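K.L.:
need the 3D shape of this:
(one chain, ligands or ions: 1)
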Amino acid sequence: MANVVDATMATYVFQGRKKIKFGMMMMRITNLETTAFPRLLSFAPARFYTVFAFARRPRRRNSFLFTTSCSTDVSITIATDHNYGNKQVISVTQTLYDYLLTNVREPPILRQLREETATMRGSQMQVSPDQAQLLAMLVQILGANRCIEVGVYTGYSSLAVALVLPESGILVACERDINSLQVAKKYYQQAGVSHKVDVRHGLAADTLNSMLENGEGCSYDFAFVDAEKRMYQEYFELLLKLVRVGGVVVIDNVLWHGKVADPMVNDKKTESIRSFNKALMDDKRVTISMVPVGDGMTICRKR
Ligand SMILES: C[S@@+](CC[C@H](N)C(=O)[O-])C[C@H]1O[C@@H](n2cnc3c(N)ncnc32)[C@H](O)[C@@H]1O
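P.N.:
Numbering: from 1, shown residues only. As a prediction, this is how the structure comes out:
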């Protein structure tokens with residue numbers, strides 16, 4: 001049996017002067033091996049499937065129109081365990097996410113960088129504007145002065161952090177790809193924050209180790225991890241030594257496009273993030289909050 005964990009029925013639309021009931025059922029299926037649906041469905045992103053949609057004129061039965069698209073895709077998810085009191089949480093659909101983005105205050109320089117990066121290879125790697133806004137807010141709430149980023153790419157998240165750091169603040173930006181760093185540096189310059197960013201070209205683990213050897217342990221307030229997924233545990237251990245008590249380490253991609261929750265997905269990266277999440281859950285050195293923003297971020301505060 002397919003395990004249906006999401007379902008939603010949609011709304012009313014107007015066609016000419018007539019109100020037409022328009023419905024769409026979406027299902028999320030967690031067990032593809034045993035489902036009766038065709039295998040090709042497994043190629044659909046995030047495993048959300050439009051099963052059918054129908055339109056019905058009031059008072060006229062049997063006039064169903066089958067289609068596979070719908071203009072409205074706002075939906076909710078209900079906790080499957082009744083012990084959560086049938087709690088309803090928002091599933092961020094395209095429509096809702098577009099709305100959310102209209103409520104993000106993205107500085108013009110970040111927008112410019114995002115738009116330039118959008119034309120480049122790997123652009124899907126940069127954090128979303130709402131994620132960047134959250135990172136910047138965490139830095140501000142912490143009153144952070146000393147920060148680290150592991151995985152800079154063209155600099156979107158690092159610039160968001162550098163923009164809110166005080167003039168005396170510093171962000172150690174670790175990245176192995178020199179071409180991406182050229183773009184990042186150009187934007188640090190344009191934004192007037194170059195003096196706050198200490199760019200370290202090379203393998204991030206080497207940089208973090210050398211910082212520890214340099215006696216910089218327990219001297220940082222904030223760190224953001226967004227690089228090689230199979231290295232997450234190693235980065236985390238190093239960063240936990242570098243941040244002070246009360247400092248924060250944020251880890252990106254912890255939901256990994258939903259694959260972590262799909263028992264049918266067992267590739268190395270997914271397994272690695274899954275076991276990292278599990279280890280973090282049992283890690284008494286930090287308090288944690290996993291947040292479904294972007295591809296999922298876990299915020300860890302060092303005890
Ligand atoms: C997801 S992207 C970072 C996106 C960035 N945070 C942003 O918002 O634009 C990951 C980056 O990590 C870099 N990276 C991967 N493994 C690395 C390593 N071992 N050391 C340093 N950088 C690494 C990649 O070159 C890539 O640019």
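K.L.:
in terms of pLDDT, where does Val248 sit?
P.N.:
The per-residue pLDDT reported for Val248 equals 99.
K.L.:
for it, helix, strand, or coil?
P.N.:
strand (DSSP: H, G, I helix; E, B strand; the rest coil).
K.L.:
residues near it, how many?
P.N.:
Val248 is flanked by 25 other residues according to other Cβ atoms under 10 Å. (Each C-beta comes from the backbone N, C-alpha and C, glycine too.)
K.L.:
got a list of what the residue found closest to Arg244 once you drop the neighbours it is linked to in the chain touches?
P.N.:
Spatial nearest neighbour of Arg244, chain neighbours left out: Cys218 (4.9 Å); criterion: Cβ to Cβ, 6 or more residues apart in numbering. Taking Cβ atoms under 8 Å, 6 or more residues apart in numbering, we find Cys218 in contact with 241-245.
K.L.:
ChimeraX command to pick out the buried ones of those residues?
P.N.:
Only the buried members of the contacts of Cys218 enter the following ChimeraX selection, criterion being 16 or more other Cβ atoms under 10 Å:
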select :241,242,243
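K.L.:
could the contacts of Cys218 be laid out in a markdown table, adding distance to the ligand?
P.N.:
A markdown table is the format used below for the contacts of Cys218 (distance: Cβ to the nearest ligand atom, whole Å):
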| residue | distance to the ligand |
| --- | --- |
| Lys241 | 18 |
| Leu242 | 15 |
| Val243 | 18 |
| Arg244 | 23 |
| Val245 | 26 |
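K.L.:
what number of residues lie near the residue nearest to Val193 when sequence neighbours are not counted?
P.N.:
Spatially, and ignoring its direct neighbours in sequence, Val193 is nearest to Ala162 (4.1 Å; Cβ to Cβ, 6+ apart). Residues lying near Ala162 (other Cβ under 10 Å) number 27.
K.L.:
which secondary structure element contains Ala162?
P.N.:
Using DSSP states H and E, the element containing Ala162 is helix 156-164.
K.L.:
same check, this time on Val245
P.N.:
Applying DSSP H and E, one finds Val245 within strand 243-252.
K.L.:
how about Asn209?
P.N.:
helix 204-213.
K.L.:
mind listing what's buried in that helix?
P.N.:
Neighbour-count burial for helix 204-213 [16+ other Cβ under 10 Å]: 204-205, 207-208, 211.
K.L.:
possible to save the contacts of Cys218 as a markdown table with pLDDT?
P.N.:
Output for the contacts of Cys218, formatted as a markdown table (pLDDT from 0 to 100):
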| residue | pLDDT |
| --- | --- |
| Lys241 | 98 |
| Leu242 | 99 |
| Val243 | 99 |
| Arg244 | 98 |
| Val245 | 98 |
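K.L.:
ok, so of the contacts of Cys218, who is nearest Phe224?
P.N.:
Val243 (11.2 Å; Cβ to Cβ).
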